[in-house]
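Visitor: I'll drop the sequence and a predicted model, then ask my questions.
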Amino acid sequence: METAQVQLSLDTIDRIQAYSNRPLLETLDVVVNRILDVIEDKHLASAKISAVQAERPAPTHFTTSRGVKLPIGLELSASYRQSSPKAVVTAEGIKYNGKTYADPSAAAKQAKLDAGVSETTASTNGWVFWSLKASQSPSGKIDFINVFRK
């Protein structure tokens, strides 16, 4: 085995030997190789995790809190009072006005609150509050998102 001389400060040598099981018996070469083995093992484990994550297909639907699947990218709209709130289905939930909700009713309630109704009258059935474009509807016509529950 070829060797090379490397100058290290005493502080560095002390730090390296701190990783040794037997500081007085192991050479610096053995300790440094053990440290490199740990680094390589962590690198390989990280690469395996990245490969597994890359194999997972991107989600195509968001599942609501009640188990209904809504296609990601679905554009929702409503007409309430003088407002026309809009939302979109993402992988995390229903995004309305910068916030994500776990179900359509919570997003609809916030849309009503934004339109100026009181907290006591804002509750609503989001499945018949939000509608979708005909091009995104399973029926091919403008419909409420309730069509996805059937």
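Guide: It's in.

Visitor: roughly how far apart are the residue most central in space within the chain and Trp130?
Guide: By CA atoms, centre = their mean, the chain has its centre lying nearest to Glu92, at 6.9 Å. For Glu92, the distance to Trp130 equals 17 Å [CB to CB, to the nearest Å]. C-beta here means a position set from N, CA and C on the backbone, and glycine is covered the same way.

Visitor: Which strands and helices lie in contact with the longest helix that the chain contains?
Guide: Longest helix in the chain, counting residues (DSSP state H): helix 28-55. Identification of packing neighbours for helix 28-55 by 3 or more CB pairs under 8 Å, 6 or more residues apart in numbering; DSSP states H and E yields helix 10-17.

Visitor: re earlier: what is the orientation angle of the longest helix of the chain with helix 10-17?
Guide: On the basis of axes from the mean of the first three to the mean of the last three CA atoms, to 10 degrees, helix 28-55 is oriented at 60 degrees to helix 10-17.

Visitor: quick one: contacts for Ala106?
Guide: Contacts were defined as CB atoms under 8 Å, 6 or more residues apart in numbering; by that measure Ala106 touches Ile94, Gly126.

Visitor: let me redo that: Ser83
Guide: By CB under 8 Å, 6+ apart, the contact list for Ser83 reads Ala111, Asp114, Ala115.
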